[in-house]
Structure formats: structure tokens, C-alpha cells
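In: 3D model of this:
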Amino acid sequence: MLNSMKESVKNKDIVLTGQYLGVVEEFLPDKQSTFVKDGKIFATKTGIINIDENKREIEIQSHQEEDRKTVKIDDIVIGTILFLRKYSVGINFHTINNKIHFNSSYFGNIHVSQISHKYVDKISDAFQITDIVRAKVIEENVNEYKLSTVGKNLGVIHADCSICGTPLDKIGFNKLRCERCGHVENRKLANDYRDVTENLRY
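Out: Purely as a prediction, here's the structure:
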């Protein structure tokens with residue numbers, strides 16, 4: 001037991017709940033799967049060790065990882081825009097990492113600074129209510145999450161015309177046009193807008 005207390009775990013090691021993993025000087029503990037006592041890190045669940053070498057973060061991934069229903073930082077979510085504020089939009093999640101969530105109580109916000117690497121003056125130039133958006137979770141705050149659509153694969157993946165409700169066609173980098181009424185609108189588009197092939201699971 002004394003030997004194992006000194007020996008830190010390695011990447012891909014299988015660990016048991018309560019097992020000693022290392023010390024806080026060595027690793028940044030993960031809130032979801034580890035706990036710290038007297039500077040030592042212990043496992044709160046059984047699973048496989050995952051160490052991020054760059055950030056020195058340690059976490060335990062269980063076989064249930066595929067089936068988890070909780071949201072974590074860096075997860076990719078798809079949801080519908082519920083409302084626009086002056087500096088942010090609210091999104092209700094439908095999928096988390098390609099897994100469909102019915103009656104999801106998870107809710108996210110995209111702040112204007114997290115929409116694009118280009119400057120966005122007006123939120124309405126990037127999103128409209130009912131748009132379907134793919135975003136990345138960047139911060140956790142109880143049941144509300146901060147999201148980002150900075151990146152080519154993130155942003156609006158489906159949008160309807162705000163005049164007549166017809167699905168909009170892409171005509172430029174971030175420009176859409178309605179085939180039915182000719183109305184042109186701006187969006188922060190994902191690179192696979194209306195060509196999404198997500199392998200969704202229940």
C-alpha cells in the first residue's frame with residue numbers, strides 16, 4: 001500500500017474507485033472523476049486514466065462515457081436558438097457529442113465575443129431564433145453552459161427564412177438566400193451548413 005501511494009498512475013492505466021492517482025503538483029485533478037485530500041488525488045470512479053500531457057490534466061473515463069448524460073467542457077452540442085439578447089443568444093441542447101437528448105434541461109449561452117474569430121457587430125447578423133447550431137462547451141455554470149461557435153465546423157447548420165420560413169440556401173461565406181422570396185440573410189455558418197451527416201444515437 002505504501003508503494004502504491006508513492007507511485008503515480010500512467011496514461012491508460014485502469015483504476016478503481018478510491019485509488020491513489022498522484023499529487024496536485026503533478027496533475028490538475030478533474031472535478032467529475034477525482035477528489036483531492038491533503039494534496040493527493042484519488043479516483044471517484046472506476047475506469048481508464050486519461051492524462052492530457054500539455055495541460056497536465058488527469059481524468060478517469062469510464063466505459064459509460066459513451067452513455068453519459070452530463071455535459072463536460074469541450075463537448076460538442078447541437079441545439080436550437082431560443083432567444084437573442086443584445087450580447088448573447090440562448091440555446092436549448094438537442095444532442096451532446098452526437099447523442100440525442102430528449103427533454104434536455106441543458107441550456108447554453110453564446111456571448112458575442114465567442115461567435116466568430118471575426119468581429120461581430122450585431123448578434124442578429126450571426127443567429128436568428130429557430131436556427132439550429134453546433135457549438136462547443138467552454139465553461140460550466142450549474143445547468144447553464146457557456147458555448148463557442150469559433151471554428152469552421154461550428155455555427156449554424158440549418159436556418160429558415162425570417163420572412164417566409166423556407167429553409168435558406170448558402171450563397172456565400174456567411175450569406176444565405178431564400179429560394180422562395182429572395183430574402184438574403186447573414187449567419188455564422190458551420191462549414192457543413194445543410195449538409196450535416198451527424199451519426200446521431202439515442
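
In: where does this structure have low pLDDT?
Out: Screening the chain residue by residue with the criterion pLDDT under 70, one finds the ranges 1-6, 63-69, 102-104, 143, 198-202.

In: Tell me, domain by domain, which residues of it belong where.
Out: Following automatic domain parsing, one gets these domains for the chain: 2-66, 76-186.

In: and among those domains, the most buried is which?
Out: Each of the domains of the chain was scored by mean neighbour count; the highest is domain 76-186, a mean of 17, by mean count of other Cβ atoms under 10 Å. All C-beta atoms are positioned from the backbone trio N, CA, C, and that covers glycine.

In: Okay, and the beta partners of the nearest residue to residue 190 once chain neighbours are set aside?
Out: Nearest in space to residue 190, with sequence neighbours left out and distances taken as Cβ to Cβ, 6 or more residues apart in numbering, is residue 155 at 4.2 Å. Under the criterion DSSP bridges, residue 155 forms beta bridges with residue 134.

In: and of the domains of the chain, who's closest to residue 197?
Out: For the domains of the chain, proximity to residue 197 was assessed by Cβ to Cβ; domain 76-186 is nearest, at 10.7 Å.

In: So which residues of the chain form helices?
Out: Read by DSSP state H, the chain holds these helices, from start to end of the chain: 2-6.

In: Distance from the chain centre to stretch 23-40, please.
Out: Taking the mean of its C-alpha atoms, stretch 23-40 sits 24 Å from the chain's own mean (Cα atoms, centre = their mean, to the nearest Å).

In: quick one on the thing from earlier: next, format the domains of the chain as a markdown table and append distance to residue 196.
Out: Output for the domains of the chain, formatted as a markdown table (distance: least, Cβ to Cβ, whole Å):
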| stretch | distance to residue 196 |
| --- | --- |
| domain 2-66 | 21 |
| domain 76-186 | 5 |
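
In: Among these, which comes closest to residue 195?
Out: Nearest to residue 195 among the domains of the chain is domain 76-186 (8.6 Å), distances taken as Cβ to Cβ.

In: and stretch 54-62, how far apart are its ends?
Out: Between the opening and closing residues of stretch 54-62 we find a distance of 22 Å, counting by Cα to Cα, to the nearest Å.

In: now stretch 116-131
Out: Taking Cα to Cα, the first and last residues of stretch 116-131 lie 16 Å apart.

In: And for stretch 169-181?
Out: Terminal residues of stretch 169-181 are spaced 12 Å apart (Cα to Cα).

In: centre of the chain versus that stretch, how much separation?
Out: On the basis of Cα atoms, centre = their mean, stretch 169-181 is displaced by 27 Å from the centre of the chain it belongs to.

In: same deal with stretch 30-45?
Out: Mean-position distance between stretch 30-45 and its chain equals 24 Å (Cα atoms, centre = their mean).

In: now do stretch 19-32
Out: 23 Å.

In: residues making contact with that stretch?
Out: 4-5, 8-9, 15, 34-36, 39-44, 49, 51, 55-60, 70, 72 (Cβ atoms under 8 Å, 6 or more residues apart in numbering).
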